[in-house]
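Novice: what would the 3D arrangement of this be:
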Amino acid sequence: MELKLVAGNSAGTVTAYYLSSEGPNHDEIDFEFLGNLSGDPYIVHTNVYTQGKGEREQQFYLWFDPTKNFHTYSILWNTQRIIFLVDNIPIRVFNNEEANGVPFPKNQPMKLYSSLWNADQWATRGGMVKTDWSKAPFTAYYRNFNANACLSRPSKDSTSCASVFTSVKAKTDKTWQTQGLDASSRRRLRWVQKYYMIYNYCTDLKRFSQGSPRECHHWRS
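Specialist: Presented below is the predicted three-dimensional model:
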């Protein structure tokens, strides 16, 4: 999806673009863009829910102003990993660590959602800055959505991927089903995480005083 975010004083607002299944034990893959005071940078908030449990947040600044032009935000989701990308640059990887006892979202079909909502109880500086409704209306722009994916169909094997696709291209291009990061992409991922990552739940020792979650032991891979 290409997005252009709310310009000016957008404090308290969250522009969201995410995948989610349904039900109390849902899976979810989140891109959320936390609004700012004029002149302050946007925060890209990412999260992964499996079987109703999230708390896997990583946050980033961007290396451009996301309110000036459209930029492409992508989610690669297959049975091996989830990759978050900005303009085709990976910013985060969540690997399948089921072998280590970590649930991974692969058994529930997900739909695409987008929204622009008021989250001033937590979004801007932990909720210290509230939405200034005199700046309304707040407008974000979405365009050029594209999905290369398989459609879910009822099956005895809930992990199977039905051979009905969302585009003609997808019928012949199935590389996404096993796609990972090559050497160049890994270098760009390290660059983003070194210079633009501002929060990583895996290194939050205050929050996880009994030890970081299992998947965090290999979070850089």
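
Novice: longest helix anywhere in this structure?
Specialist: Ordering each helix of the chain by length in residues (DSSP state H) puts helix 183-195 first.

Novice: pLDDT (mean, whole number) over the helix or strand just after that helix?
Specialist: Sequence-wise, the next helix or strand downstream of helix 183-195 (DSSP states H and E) is strand 197-200. The average pLDDT for strand 197-200 rounds to 97.

Novice: quick one: list the elements packing against strand 197-200.
Specialist: strand 58-60 (3 or more CB pairs under 8 Å, 6 or more residues apart in numbering; DSSP states H and E). C-beta coordinates here come from the backbone N, C-alpha and C atoms, glycine included.

Novice: where's the strand it packs on relative to the chain centroid, distance-wise?
Specialist: Distance, stretch centre to chain centre, for strand 58-60: 10 Å (CA atoms, centre = their mean, to the nearest Å).

Novice: now stretch 56-71
Specialist: 12 Å.

Novice: what about that stretch, start to end distance?
Specialist: Taking CA to CA, to the nearest Å, stretch 56-71 runs 24 Å from one end to the other.

Novice: next, the residue of the chain positioned farthest from its centre: secondary structure please.
Specialist: When distances are taken from the C-alpha mean of the chain, residue 134 lies farthest, 29.9 Å away, according to CA atoms, centre = their mean. Under DSSP: H, G, I helix; E, B strand; the rest coil, the three-state class of residue 134 is helix.

Novice: element containing the closest residue to residue 32 other than its chain neighbours?
Specialist: Using CB to CB, 6 or more residues apart in numbering and skipping the chain neighbours, the partner closest in space to residue 32 is residue 45 (4.2 Å). Assigned by DSSP H and E, residue 45 falls within strand 43-49.

Novice: strands paired with that strand, and their directions?
Specialist: Taking DSSP bridges as the criterion, strand 43-49 forms sheet pairs with strand 28-34 (antiparallel), strand 58-60 (antiparallel).

Novice: ok, now how distant is the closest residue to residue 75 other than its chain neighbours from residue 36?
Specialist: The shortest distance from residue 75 to any non-neighbouring residue, by CB to CB, 6+ apart, is to residue 29 (5.6 Å). Distance of residue 29 to residue 36, computed by CB to CB, to the nearest Å: 23 Å.
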